[in-house]
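Chemist: can't give you the sequence, but here's the structure:
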């Protein structure tokens, strides 16, 4: 049916309705319910595009076959070689079985990607099999030197490990964890034959247990990021991909102590769990963001001491009796990539808490200049492999263009500011900032005080005599 709008143009309502129906159906396909692997939003991407794009290894469909990238062509050969190594671990031919079993997961695997996958079913399964087997073989060879070739194309070149560490943590460059887990389970029965020592954990009572896929992943990234084994395995479940594993590991390692509850743990507890925690902690989880703290230099001038926390969890930041305890963070070339991709995951994933983003906001508050970096480095809170100026710039730009519904460090910031507002601490900050901000200024101020005292003594002596 055509409708005349009064002018010479007409609208074909039937055709337009049909077109809109197609658009709606396509949109529904592009936003599957299990979506967790996203293209980085432009608002984040523009700050540092190198932190989101693979350098050498494409994993999964989003960067597969990317044009004008000769590095990818070279590493496809490496992936094929590792696939051959994976298959050789089995006593019987396994390739067809791998293809058949992964084919059964193909439809579900597509639903993990937020956008359309422009590959046929056959092409997509091929990507899943090659890339998935490559990653499993990589993790096994990392754990056991016995499995490596004499001239291993990855472990024979130290730079390759750094390329891989960068590429494997990118949100755009992921395979669904369930595909990796499926392929690893195919291999589990072969572990005793492959290496009975390095692919097994030894329990305190002397029993051997085969390493899990999570164990192997932690072992691979351990030299680059602090990824503690889960203290609460119940929280490390339903893993979606490697960045999701990182976040779940960090959350699961938080030590729950109701007498000294870390400020950043509250929203990840179960709905009824820890319901006995009352008052400020419960209120804190509903506070709006916006509370900030002074820089590390200003806090030190106000009398606050910094201490490296023994906690293995980067979120476990506490403030007690004028001491701010912060777990150590290692700052090197890949740290920015690590944090940016976790932040991107938080920003894109529906109903995700913003724990990493909150952490980035707090660190940005504390660090404005190279001097702040130096203070935290001197207290062993930052293990800095960059120059202080670059490290400060890194923190200052980390969370730009992000959104935080609940700021996890609101209560901590409030208590730090309350401490700084105390009369003596305010006076101390003014004195240090104005009269003792440099050694020479301090000496001059001290000399002036001594001179004033001497003049007073002399005047008093004159009066009394």
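Modeler: Sure thing, it's come through. Remember, predicted model here, so these are calculated numbers, not experimental data.
Chemist: show me where this structure dips below the pLDDT cut-off.
Modeler: By pLDDT under 70, the low-scoring segments of the chain are 1-9, 24-32, 223, 226, 228-235, 252-290, 423-452, 454-465.
Chemist: switch to 50 and redo it
Modeler: For the chain, the stretches with pLDDT under 50 are 256-290.
Chemist: domains in it, by residue range?
Modeler: For the chain, whose domains are defined here by automatic domain parsing, the residue ranges read 1-30, 42-247, 291-421, 426-464.
Chemist: for residue 36, find the nearest of the ones you listed.
Modeler: domain 42-247 (4.3 Å; C-beta to C-beta). Placement of C-beta: from N, CA and C, glycine included.
Chemist: ok so, going back, just the domains of the chain: most buried one?
Modeler: Of the domains of the chain, the one with the most neighbours on average (mean count of other C-beta atoms under 10 Å) is domain 291-421, at a mean of 19.
Chemist: next, the distance between the ends of that domain.
Modeler: Counting by C-alpha to C-alpha, to the nearest Å, the length from the leading to the trailing residue of domain 291-421 is 14 Å.
Chemist: from the chain's centroid, how far away is it?
Modeler: With C-alpha atoms, centre = their mean, to the nearest Å as the basis, the distance from the averaged C-alpha position of domain 291-421 to the chain average is 13 Å.
Chemist: quick one: contacts for the nearest residue to residue 397 once chain neighbours are set aside?
Modeler: When the adjacent residues along the chain are set aside, residue 397 lies closest to residue 47, with 5.9 Å between them (C-beta to C-beta, 6 or more residues apart in numbering). When contacts are counted by C-beta atoms under 8 Å, 6 or more residues apart in numbering, residue 47 is found next to 340, 397, 400-401.
Chemist: ok, those residues vs residue 409, which is closest?
Modeler: Among those, residue 400 lies closest to residue 409 (C-beta to C-beta), at 18.1 Å.
Chemist: now tabulate the domains of the chain in CSV and tack on distance to residue 36.
Modeler: Output for the domains of the chain, formatted as CSV (distance: least, C-beta to C-beta, whole Å):
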stretch, distance to residue 36
domain 1-30, 14
domain 42-247, 4
domain 291-421, 6
domain 426-464, 46
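Chemist: ok, now how distant is residue 10 from residue 16?
Modeler: 11 Å (C-beta to C-beta, to the nearest Å).
Chemist: so which strand or helix has residue 23?
Modeler: Assignment of secondary structure by DSSP states H and E places residue 23 within helix 13-30.
Chemist: quick one: contacts for the closest residue to residue 221 other than its chain neighbours?
Modeler: Closest residue in space to residue 221, ignoring its immediate chain neighbours: residue 227 at 5.6 Å, by C-beta to C-beta, 6+ apart. Residues near residue 227 by C-beta under 8 Å, 6+ apart: 218, 221, 246, 249-250.
Chemist: go again with 6 Å.
Modeler: 218, 221, 249 (C-beta atoms under 6 Å, 6 or more residues apart in numbering).
Chemist: follow-up on the earlier one: and after the helix holding residue 23, which helix or strand comes next?
Modeler: Next element after helix 13-30 (DSSP H and E): helix 42-45.
Chemist: work out the gap between that following helix and the centre of the chain.
Modeler: Its chain's average C-alpha position is 17 Å from that of helix 42-45, according to C-alpha atoms, centre = their mean.
Chemist: and for stretch 76-95?
Modeler: In terms of C-alpha atoms, centre = their mean, the centre of stretch 76-95 is set 31 Å apart from its chain centre.
Chemist: list the contacts of it.
Modeler: Here stretch 76-95 has contacts from 130, 133-134, 137, 153, 190, 194, using C-beta under 6 Å, 6+ apart.
Chemist: could I get those residues as TSV with secondary structure and distance to residue 377?
Modeler: Written out in TSV, the entries for the contacts of stretch 76-95 read as follows (DSSP: H, G, I helix; E, B strand; the rest coil; distance: C-beta to C-beta, whole Å):
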residue	secondary structure	distance to residue 377
130	helix	43
133	helix	42
134	helix	38
137	helix	38
153	coil	37
190	helix	46
194	helix	42
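Chemist: which two of the residues you listed have the greatest separation?
Modeler: Within these, two members stand farthest from each other by C-beta to C-beta: 153 and 190, at 22.1 Å.
Chemist: skipping adjacent residues, who's closest to residue 146 in space?
Modeler: Of all residues apart from its sequence neighbours, residue 195 sits closest to residue 146 (C-beta to C-beta, 6+ apart), at 4.9 Å.
Chemist: gap between the one you found and residue 143?
Modeler: For residue 195, the distance to residue 143 (C-beta to C-beta) stands at 8 Å.
Chemist: ok, now residue 44?
Modeler: Separation of residue 44 from residue 143 (C-beta to C-beta) stands at 34 Å.
Chemist: what does residue 111 give?
Modeler: The spacing between residue 111 and residue 143, counted by C-beta to C-beta, is 31 Å.
Chemist: swap in residue 105?
Modeler: 25 Å.
Chemist: try residue 197
Modeler: For residue 197, the distance to residue 143 (C-beta to C-beta) stands at 10 Å.
Chemist: same thing with residue 296?
Modeler: With distances defined as C-beta to C-beta, the gap from residue 296 to residue 143 amounts to 39 Å.
Chemist: what does residue 58 give?
Modeler: 24 Å.
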